[in-house]
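*Asks:* Quick check, what structure comes out for this input:
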Amino acid sequence: MAASAPGKLILFGEHAVVFGEPALSTAVDLRTEVYARPHTEWLADGASLEDSKYRYVKAAAARAWKGGPLWFEVRSMIPTGAGLGSSAAVTVATLAAVAGLRGAPLDPPSIARTAFDVEHDVQGRASPIDTSTAAAGGALLVRPTEGADLLWTIRRDTRQWCLHRCVLPRLTLVVGNTGISAATGPLVAGVKARVDASPEDAERVKEIGQITLDGLAALRKNDLGAAGRLMDRDHALLNALGVGHPMLERLVTAARRHSYGAKLTGAGGGGSMFALTDEPEKVAADLRAAGAKAFLLATEPEGVRRLP
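*Replies:* Numbers count the residues shown, from 1 in each chain. A predicted model of the protein is given here:
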């Protein structure tokens, strides 16, 4: 049994979403495929499932499979540690493949909820935006209260996330990957420690939440100038929360020459940034000159799917 799930790009709201603030994401046309079949021992790509690179596959299997050992094969187009949702995509695809082995129908809401639990197990603290985007595809707004176009709701302890379908105009997005991997868990934990200790940082998180709603409104009106300015402010706030990196700053500065705005995307600490632009080739050239791996991404309307 095999399944595929897309990567994601967070447009606004990373880190703040962990605290119940809104965030906006879109699935992108980089996908991960996971193949699963019964076997005599637990393996992934012929290696032990205990290898740390397969920790999301192992945690997903532990939650979704009660039978004998499985052999997994993972094929991914999504760079790891780049802020593009590689762990969410492999988690969602693994859950979908294992559910297929059980004879269960493809159920994106159920997969999204379990995938969030898996990421929480592995990272210690997580937001459901990555896993829900991988499950649903398209653009999603997550916020603590229900609104129009609600897809599903996810709850944990006192927190609640309501995932809503969004329709955005086609955007020209150029991604710059620093090539520096950074684990999400420690970065998320670091922001939590700062917010718990500093009212000023807590206010920064709230401002990022408001920027998300303002950014969504600007994108819906196709006001790219306003969206770009909000991206720049969001990036500054994320830097103030301690998740920036000198290489990210170099790329963001380079990208702004020919773009409406640029910001880090994902957990930070390395990973990737993206720019909103009408001149993608110029931005990509500037990013490569600054030392990045630069590429254009298209939005992906389809979420998790089973493969023949």
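*Asks:* Could you tell me the model confidence score at the residue of the chain most remote from its centre?
*Replies:* Largest separation from the mean C-alpha position in the chain: residue 40, at 33.8 Å (C-alpha atoms, centre = their mean). Turning to residue 40, the model gives it a pLDDT of 96.
*Asks:* Let me see the contact set for it.
*Replies:* Counting by C-beta atoms under 8 Å, 6 or more residues apart in numbering, residue 40 makes contact with residue 69. C-beta coordinates here come from the backbone N, C-alpha and C atoms, glycine included.
*Asks:* in stretch 11-18, what counts as buried?
*Replies:* By 16 or more other C-beta atoms under 10 Å, the buried positions in stretch 11-18 come out as 11-18.
*Asks:* C-alpha coordinates for the longest helix along the chain, PDB please?
*Replies:* Longest helix of the chain, by residue count under DSSP state H: helix 199-220. Extracted as PDB, the C-alpha positions of helix 199-220 are listed here (Å, rounded to 0.1, in the frame of the first residue of the first chain):
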ATOM      1  CA  PRO A 199       5.400  39.900  28.300                       C
ATOM      2  CA  GLU A 200       7.100  41.700  25.400                       C
ATOM      3  CA  ASP A 201       7.700  38.400  23.500                       C
ATOM      4  CA  ALA A 202       4.100  37.400  24.300                       C
ATOM      5  CA  GLU A 203       2.900  40.600  22.600                       C
ATOM      6  CA  ARG A 204       5.100  39.800  19.600                       C
ATOM      7  CA  VAL A 205       3.300  36.500  19.300                       C
ATOM      8  CA  LYS A 206      -0.100  38.300  19.300                       C
ATOM      9  CA  GLU A 207       1.100  40.700  16.700                       C
ATOM     10  CA  ILE A 208       2.100  37.900  14.400                       C
ATOM     11  CA  GLY A 209      -1.400  36.500  14.800                       C
ATOM     12  CA  GLN A 210      -2.900  39.800  13.700                       C
ATOM     13  CA  ILE A 211      -0.500  40.100  10.800                       C
ATOM     14  CA  THR A 212      -1.700  36.700   9.600                       C
ATOM     15  CA  LEU A 213      -5.300  38.000   9.400                       C
ATOM     16  CA  ASP A 214      -4.200  41.200   7.700                       C
ATOM     17  CA  GLY A 215      -2.000  39.300   5.300                       C
ATOM     18  CA  LEU A 216      -4.900  37.000   4.300                       C
ATOM     19  CA  ALA A 217      -7.100  40.000   3.600                       C
ATOM     20  CA  ALA A 218      -4.300  41.600   1.500                       C
ATOM     21  CA  LEU A 219      -3.800  38.400  -0.500                       C
ATOM     22  CA  ARG A 220      -7.500  38.000  -1.100                       C
END
